Each structure stands twice: as structure tokens, then as C-alpha cells.
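> With the input below, show me the fold.
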Amino acid sequence: MASSDTSDNASDSDEASANPAEKPKPSPDIKPAKPADVVTEAQKYLYGRGVAQNCDRGLKLLKPAADRSNPKAMAEMGALYSAGLCTPRDLPTAYRWFAMALRKDPSNQSVATDLQKLWGEMTQPERQLAIRLSQ
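Below you'll find the predicted structure:
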């Protein structure tokens, strides 16, 4: 009987030591992975950084964040439309996204600079459309 008690105790202690080790691991791994910056995740797919380029997947991540007034996502949408990457090249739409990003984050000098540069690249009709889209 002593040998069966020993094996039962050994398995009990194995289970007890396995459970505490498993519990702390999932929560730290899961929490940082999910709240990770959605714009950074989208950029991986938009630009093919470490993964195969997949514009659809990148835009599906980015566009909802931009629609929820995430200034970083808005600026990225502006950059995509400005360059015509994963979107049609559309300077007035790019201007609109940059302008909305700047309204949300007025101290962002990079976005302000991009907005000014973009304004210089647009034709007069594009500027008029950009103003209408941005209001």
C-alpha cells in the first residue's frame, strides 16, 4: 500500500506544481498581444513587414481604427491615399485623413508637415474638393 500512496502523492504534487506554472503564463502573453497597437499590426500587412503583403487584411485592421478617430490610424490612411498604396491615389481624400488626424492631435508636427506638402501637390480643383471633404 505504501507504494500506491507514494505514486498517488507524486501525481498529486505533479498536478499541483503544473497548475501554478500554467496560470501566470497565459495572462501576460494574451493581454499585451491583443491591445498591441492596431496601426502597427496593420502596417505589417500593408507594407509586408515580416509577413506577406496583404492590403485587404491591413485595411480591415486600419480603417475601423481610423473611423474610431485614432489619429495614428487616420494619418496612416492619409499616407496610403497620398501614395496610392493599397488604395487608389487620391490626394483630396489623403488630405481629409491628414486634416482629421491633425484635429485629433494638433501637436503632431509630422502630420502638419505632410498636410502642407500635400496641399502643395494638389491642383486647384483637388484643393477645393479637399476643403469640402475636410469639413
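> count of residues packed around the closest residue to D105 other than its chain neighbours?
Leaving out its chain neighbours, the residue that sits closest to D105 by CB to CB, 6 or more residues apart in numbering is P71, at 4.1 Å. C-beta coordinates here come from the backbone N, C-alpha and C atoms, glycine included. Using other CB atoms under 10 Å, P71 has 19 other residues around it.
> Repeat that for L46.
Residues near L46, counting by other CB under 10 Å: 23.
> Setting aside sequence neighbours, what's the nearest residue to it?
Nearest one to L46, counting by CB to CB, 6+ apart, is G58 at 3.6 Å.
> what's the distance between the one you found and P92?
22 Å (CB to CB, to the nearest Å).
> of these two, who's got more company?
The residue with more neighbours, out of G58 and P92, is G58; 24 against 20, by other CB under 10 Å.
> ok, the more buried one - contacts?
42-46, 86 (CB atoms under 8 Å, 6 or more residues apart in numbering).
> Just give me the closest of these to S110.
Q43 (15.0 Å; CB to CB).
> Name the SS class of P106, please.
What DSSP: H, G, I helix; E, B strand; the rest coil gives for P106 is coil.
> Give me the neighbour count for it.
As a burial measure, P106 scores 11 neighbours (other CB under 10 Å).
> From here on, call the first residue 205.
Sounds good: first residue 205 from here, last item P310.
> give me phi/psi at it?
phi -60, psi -20 (degrees, to the nearest 10).
> Could you check how far it is from Y249?
P310 is 29 Å from Y249, by CB to CB.
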